[in-house]
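Asks: here is a sequence together with a model predicted from it:
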Amino acid sequence: MAGIGTEHLDAQATAALADAFLAEDDVLRAARARAAENGLPVLPPAAGAALRFLAALLDARSVVEVGTGTGVTGIWLLRGMRPDGVLTSVDPDPDYQRTARTAYAEAGVPANRARLIAGRPIEVLPRLTDGGYDLMSVCADPLSYADFSREAPRLLRDGGVVVFADPTGRGAAAMRELGQSLVESEDFAPVLLPIGTGLLAATKRPAR
Ligand SMILES: C[S@@+](CC[C@H](N)C(=O)[O-])C[C@H]1O[C@@H](n2cnc3c(N)ncnc32)[C@H](O)[C@@H]1O
């Protein structure tokens, strides 16, 4: 683990340590390389580890992901979920989903654990089951996140978590606005985790 033994870490060194702390294996590195070949930005390993941590903490049986990409985040999520848990992943691009399917198979994930839906999330999310999800993970285009966040209270069970990531950092203004709406919402208790360009997470409070 790079950085262990360093007595004082600044923010940059801490970020490097966080990425090296749980280095990706060959399967994740291959999925990341396919993303790079396609010019797709991918979250850093520390963000993937945080998604796995959340899925494990929630003992997630059912996770919905927006932005399948080449499967990097999906593999992290599946590795945190219950062994019988199902990942529903939505992406407008069926070619990426075929690539992700290959990555899941390389990771040893049985095909019935990944339900890939090709379509615009804004049209697909309203069709998914009320309260059917322990975790919603969004890593796509931040300009659409306000629309996706409106679906989160309906899709999540009480105590479920929604997490938004901006893989390029170019959606900072949209992320700030989204963060503010979560702060003001009575439905959620939010936190901004300083991992990568920031993971904006919020847990759904039970109705009082
Ligand atoms: C950064 S990649 C996601 C990568 C994946 N989450 C990962 O880290 O492994 C973004 C994905 O979002 C999809 N996407 C782009 N715009 C979108 C939108 N408006 N709604 C949903 N998905 C979108 C792209 O097709 C692409 O697969």
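Replies: Yes, it's here.
Asks: skip the chain neighbours and tell me the closest residue to the residue at minimal distance from the centre of the chain.
Replies: When CA atoms, centre = their mean is applied to the chain, the residue found nearest the centroid is residue 137 (3.7 Å). Among residues not flanking residue 137 along the chain, residue 65 sits closest, at 4.7 Å (CB to CB, 6 or more residues apart in numbering). For every residue, glycine as well, the C-beta is placed using N, CA and C.
Asks: give me the contact status of whichever strand or helix holds that neighbour with the ligand.
Replies: Taking DSSP states H and E as the criterion, residue 65 maps to strand 62-66. Yes: counting by CB under 6 Å from any ligand atom, the ligand has neighbours in strand 62-66: residue 66.
Asks: mind saving the C-alpha coords of that strand as CSV?
Replies: The C-alpha coordinates for strand 62-66 follow below in CSV (Å, rounded to 0.1, in the frame of the first residue of the first chain):
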residue,chain,number,x,y,z
SER,A,62,-31.3,-5.4,-5.3
VAL,A,63,-29.3,-2.5,-6.8
VAL,A,64,-30.2,-0.2,-9.7
GLU,A,65,-27.3,1.4,-11.6
VAL,A,66,-27.6,4.3,-14.2
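Asks: elements contacting that strand?
Replies: helix 72-80, strand 86-91, strand 133-138 (3 or more CB pairs under 8 Å, 6 or more residues apart in numbering; DSSP states H and E).
Asks: quick one: the residue of the chain found nearest the ligand from residue 165, how far?
Replies: The chain approaches the ligand most closely through residue 69 (2.5 Å), counting by CB to the nearest ligand atom. Distance of residue 69 to residue 165, given as CB to CB, to the nearest Å: 11 Å.
Asks: just residue 18 next, same as before
Replies: For residue 18, the distance to residue 165 - CB to CB - is 14 Å.
Asks: also residue 94?
Replies: Per CB to CB, residue 94 is found 22 Å from residue 165.
Asks: higher neighbour count, those two?
Replies: residue 165 (28 against 13; other CB atoms under 10 Å).
Asks: show me what secondary structure element comes after the helix or strand of the chain with the lowest mean pLDDT.
Replies: Lowest by mean pLDDT, DSSP states H and E among the helices and strands of the chain is helix 11-21, with a mean of 83. As assigned by DSSP H and E, the chain's next helix or strand after helix 11-21 is helix 26-37.
Asks: report the buried residues of that next one.
Replies: 27-28, 30-32, 34-35 (16 or more other CB atoms under 10 Å).
Asks: name the helices or strands packed onto that helix?
Replies: Applying 3+ CB pairs under 8 Å, 6+ apart, we find helix 26-37 packed against helix 72-80, helix 94-106.
Asks: for residue 202, find the nearest of those helices.
Replies: helix 72-80 (17.0 Å; CB to CB).
Asks: and the ligand, is that closest one touching that?
Replies: Yes: judged by CB under 6 Å from any ligand atom, helix 72-80 comes into contact with the ligand through 72-73.
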